[in-house]
Structures are given as structure tokens and as C-alpha cells.
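K.L.:
how would this look folded up:
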Amino acid sequence: MVNLDNLFSRKGQFISATFKTETKPAAIHKGTILEKRTSGVFRAGLSFENLSSVKEAIENGEREEVGSLPFGEWEIYPFTILHTPKGETNKVRYVRLYPTKNASQRIKVLYLVNGTEVTKEQYLNYLTPSEKEKALQGNPRECFNVKHKNILALGEPFNEE
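P.N.:
Below you'll find the model as predicted:
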């Protein structure tokens, strides 16, 4: 597992990261291994409620006030969350990462089916209709809660020079 000391020592700074997300395929594709690898520039150590986009959405009535975490508990605020998945006894550590403002220019996603790179369209064909629809909506994410074990690389601070 990637050491998080690099992250803890750079509160609020830009840092490169790569992580994977494993997705459950539709029943017709049972046994197929679906994986997305996301690489980009992120920030960590921010408070969600202090994001300008969150503050604006609250002011405009587009969202409720920020409450407690929707799952788990803070392990090291505001970096890591511990959560015990339903039906399990061991806690899972999540790292909270925030995409940079122009995330679409800085985040790259690689789609893999059984370890082979495919296009996004091909990848989406393996999902359930509801998951495919969610993916096609493409709503920008305010933050990512990434399983620590799924972080493949955590780089040095990023300079926009």
C-alpha cells in the first residue's frame, strides 16, 4: 500500500495521484473484471464545507448545509476516513481527494476490461443500465473517497509553472 506521509505533510497543496476503481459488471458479464484507473492532480486536507462551490450551492439553495460524513468516521481529519462495510468486521481506510478546478484537463481515466485497455464506450457496455446511465450523466465530483488499498501512486507536489 502507498505510504500516506507524503499526503499528510502537504495539506491543501496540489499533488499527483493515480488510483483504481473496480466496478461490478452487469449479470450477463459476470466474471468480467472491470477497472478504471484515474490519474490526475488533486488536493487533500481540505474541508468539504469550505469549498467555494459548496458554499455557493448552499447560498443558492441548490444543496443542504454540509452535515456529518455519509459513511464512516474521520480517522485523521480531513485526510482519511475509516468505514466498516456492511457484513464485514474489518475497517476500510479511505483517502479523501479533491480534483483541481480544471479537473477535466488534468484528470485522465484509463478503462480496462479483463486487464485490456478499452474505450469508455466499450467499458460502459459491461455495466448495468442504471450504472451506465449514471456514468453518462458525467456530473463533476466535488471529491473522491478512494480506498487506501486502491491508490496506485501518490506523487510529489504539483507545480503549475
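
K.L.:
tell me the contacts of residue 91?
P.N.:
Under the criterion of Cβ atoms under 8 Å, 6 or more residues apart in numbering, the neighbours of residue 91 are 82-84. C-beta coordinates here come from the backbone N, C-alpha and C atoms, glycine included.

K.L.:
mind doing that once more with 6 Å?
P.N.:
Residue 91 makes contacts with 82, 84, as judged by Cβ atoms under 6 Å, 6 or more residues apart in numbering.

K.L.:
how close does residue 121 get to residue 5?
P.N.:
From residue 121 over to residue 5 the distance is 39 Å, taken as Cβ to Cβ, to the nearest Å.

K.L.:
ok, which stretches of the protein are helices?
P.N.:
Counting by DSSP state H, one finds helices in the chain at the ranges 5-8, 52-59, 103-106, 120-124, 129-137.

K.L.:
which one of the ones you listed lies closest to residue 88?
P.N.:
helix 129-137 (22.3 Å; Cβ to Cβ).

K.L.:
by mean pLDDT, flag the weakest helix or strand of this structure.
P.N.:
Between all helices and strands in the chain, the lowest mean by mean pLDDT, DSSP states H and E belongs to helix 103-106, at a mean of 60.

K.L.:
perfect, I'm done here.
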